[in-house]
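J.: Next comes the sequence, and after it the predicted model I'd like to discuss.
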Amino acid sequence: MSPQESLHTSALATLRGWTPPSHSQAALREAYVGLLLARTDACLRTCEPGHLTASTLVVDESRRHVLLTHHGRIGRWLQFGGHLEVGDASLADAALREAVEESGVPDLLLDRDPVHLDVHPVTCRDSPPTRHFDVRFVAVAPDDAVPVVSEESHDVRWWPIDTFPDPVGEMAELVKPALARLS
């Protein structure tokens, strides 16, 4: 089995094995599974109808702060994440890789079960508009973790969990199930 086939198989198993926290998340999971069943390239950014991505909300040990990146291209404060790579063995591995690369925090403890799904329209580099089928995870960082700004970000900063910057309220949809998973 090629690395691409292995990642595809792993992603399908992860999503089929995940128990969504709501009916809307269960419906999204079925859409993700349908995409994977229909497209062997659904884990690759070249899949133009849409492709899976993985992201991680980083929380400190005390559960009082979230670590967010001010994304360079998007210009908003977000969780860490990005495209899957052929070398990733699983969605969780991709989520952890992205979080470590983009936060500069090496000691993240990732919960390997997804906490949330989100589909959003994007235009990836030099590609037509598409959709990201984002599989979201949560990781815990040591309370004394010092983030480092990556080349993909304008800034990386700890925010109090009840006052993080989120003008459209989307982050709350991720923070609530992430904290529930950690409790």
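T.: Received, thanks.

J.: now the helices for this structure?
T.: 3-17, 23-38, 91-103, 170-182 (DSSP state H).

J.: Mind putting those helices into JSON lines with distance to residue 136?
T.: To be clear about C-beta, it is placed using only N, CA and C from the backbone, and glycine gets the same treatment. Shown next, in JSON lines, are the helices of the chain (distance: least, C-beta to C-beta, whole Å):
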{"stretch": "helix 3-17", "distance to residue 136": "12"}
{"stretch": "helix 23-38", "distance to residue 136": "10"}
{"stretch": "helix 91-103", "distance to residue 136": "8"}
{"stretch": "helix 170-182", "distance to residue 136": "6"}
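
J.: low pLDDT regions in the chain?
T.: Applying pLDDT under 70 to the chain picks out residues 124-126, 166-169.

J.: about what we covered before: out of the helices of the chain, nearest to residue 58?
T.: Taking C-beta to C-beta, helix 91-103 is the member of the helices of the chain nearest to residue 58, at 6.0 Å.

J.: Not counting that closest one itself, show me its contacts.
T.: Contacting residues not belonging to helix 91-103 are listed as 10-11, 14, 52, 54-56, 58, 67, 69, 80-85, 88, 105-106, 108, 110, 112, 114, 135-137, 139, 141, 147-148, 150, 152-153, 156 [C-beta atoms under 8 Å, 6 or more residues apart in numbering].

J.: Just the buried residues of the residues you listed.
T.: 10-11, 14, 52, 54-56, 58, 67, 69, 80-85, 88, 105, 108, 110, 114, 135-137, 139, 141, 147, 150, 152-153, 156 (16 or more other C-beta atoms under 10 Å).

J.: just the helices of the chain: most buried one?
T.: helix 91-103 (a mean of 24; mean count of other C-beta atoms under 10 Å).

J.: the longest strand in this protein is where?
T.: strand 109-123 (DSSP state E).

J.: Sheet-wise, list the partners of it with their directions.
T.: Sheet pairing here is set by DSSP bridges, and for strand 109-123 it gives strand 129-141 (antiparallel).

J.: just the angle between the partner strand and helix 91-103, please?
T.: 80 degrees (axes from the mean of the first three to the mean of the last three C-alpha atoms, to 10 degrees).

J.: which residues does the residue positioned nearest the centre of the chain contact?
T.: The centre of the chain sits closest to residue 55, judged by C-alpha atoms, centre = their mean, with a distance of 1.3 Å. Each residue near residue 55 by C-beta under 8 Å, 6+ apart is listed here: 78, 79, 80, 81, 82, 95, 98, 99, 134, 135, 136, 137.

J.: I'd say the third one and residue 53 touch.
T.: No. Between residue 80 and residue 53 there is no contact under C-beta atoms under 8 Å: 11.2 Å.

J.: where's residue 98 relative to residue 158, distance?
T.: As for residue 98, its distance to residue 158 is 18 Å (criterion: C-beta to C-beta, to the nearest Å).

J.: I am finished for the moment; much appreciated.
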